[in-house]
Structure formats: C-alpha cells, structure tokens
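K.L.:
Kindly generate the corresponding structure for this input.
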Amino acid sequence: MIAALALAAALASPPAGAAALEPTHLWFTESELSPLLTGRLAAAKAAYDAGRYGEAASALARSRLPEARFLRALALVEADRDAEAAAALEGLEADLPALADRIAWWRGRALDRADRRADALDEYARVPHGSLFWAQARLGT
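P.N.:
Below is the predicted model:
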C-alpha cells in the first residue's frame, strides 16, 4: 500500500509545462521514492515525466505489478489511447485499494475521452466525498 501511495504522490506533479490536474503535495521525497522506482519502472516514470507517454506505456506493458499497471494506464490516457487505458484500469482497485478514488477518476476520464460519456459519469460517481478528485469528478472533468 505504501508503494501505491508513493507512486500516486510521484504522479501528482504534472509533467513539465503541463497544467496540474490536482493539487500537488510533497508527501514523499525523491530519496524515499527511489527504492520503489527501480529498473523498468524508473525508466518508465522518467519517460512519463518527459512526456513520452507511448514509450512509458510500452515499457510497462508486461509488468504485473499493480503500481506499474496504474502508471501504464495513466500513460495511455496521456497518449490518447483512452479505450485501452480504461481497459487497463478495469479491476485495478482490488490490487490498489488505497488508490480506488484515483482509479475511478482516471477510468472516468479515459471513458469520457473515448466518447463513452454515460460510462464515464458512472465512474465519476464512484469517487467518494473527501477524495482529492471529488470536485473534479462532480464536474465530470
């Protein structure tokens, strides 16, 4: 669970030049995150941070780690591969329950961008009050 929260915190900061999608928080330092972001995950995170979303998604395609699956899904959304991203997020809450609200929001966003608005609204409705994503989910953004 700590690894999932650390990954979520690492992803809270938008790539250089991008607008923030949520308030950013410094929950962990880079030195605290570095043991979690090793090997392909570190390379994929670096590709994600550099805006090379397709490369990041490809680097994570074979990983079975839930955190890697989450990062891959986010990269797929950013690479405009929304239907694929929604499928990649399916059922991920069971493996990353601490990120269930974020997973629902990202799945909603992917479905919305894939022109599946009714399904997107269902996902946005799953984001609980108190989540950092609650207000955005209520606006369907």
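K.L.:
Who are the contact partners of residue 90?
P.N.:
By C-beta atoms under 8 Å, 6 or more residues apart in numbering, the residues touching residue 90 are residue 107. Every residue, glycine included, has its C-beta placed from N, CA and C.
K.L.:
Quick one: residues contacting residue 110.
P.N.:
73, 76, 77, 82, 83, 85, 86, 89, 120.
K.L.:
repeat for residue 54
P.N.:
Neighbours of residue 54 in contact, by C-beta under 8 Å, 6+ apart: 75, 79, 81.
K.L.:
so where does it fall, helix or strand?
P.N.:
helix 53-60 (DSSP states H and E).
K.L.:
could the contacts of residue 54 be laid out in CSV, adding distance to residue 53 and neighbour count?
P.N.:
Formatted as CSV, the contacts of residue 54 follow (distance: C-beta to C-beta, whole Å; neighbours: other C-beta atoms under 10 Å):
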residue, distance to residue 53, neighbour count
75, 4, 26
79, 4, 19
81, 8, 20
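K.L.:
Among the residues you listed, which lie within helices?
P.N.:
Within the contacts of residue 54, residues falling in helices by DSSP state H are residue 75.
K.L.:
Run through who's touching the strand or helix carrying residue 120.
P.N.:
Element membership for residue 120 (DSSP H and E) is helix 117-125. If you take C-beta under 8 Å, 6+ apart as the criterion, helix 117-125 is touched by 104, 105, 107, 108, 109, 110, 111, 112, 137, 138, 140.
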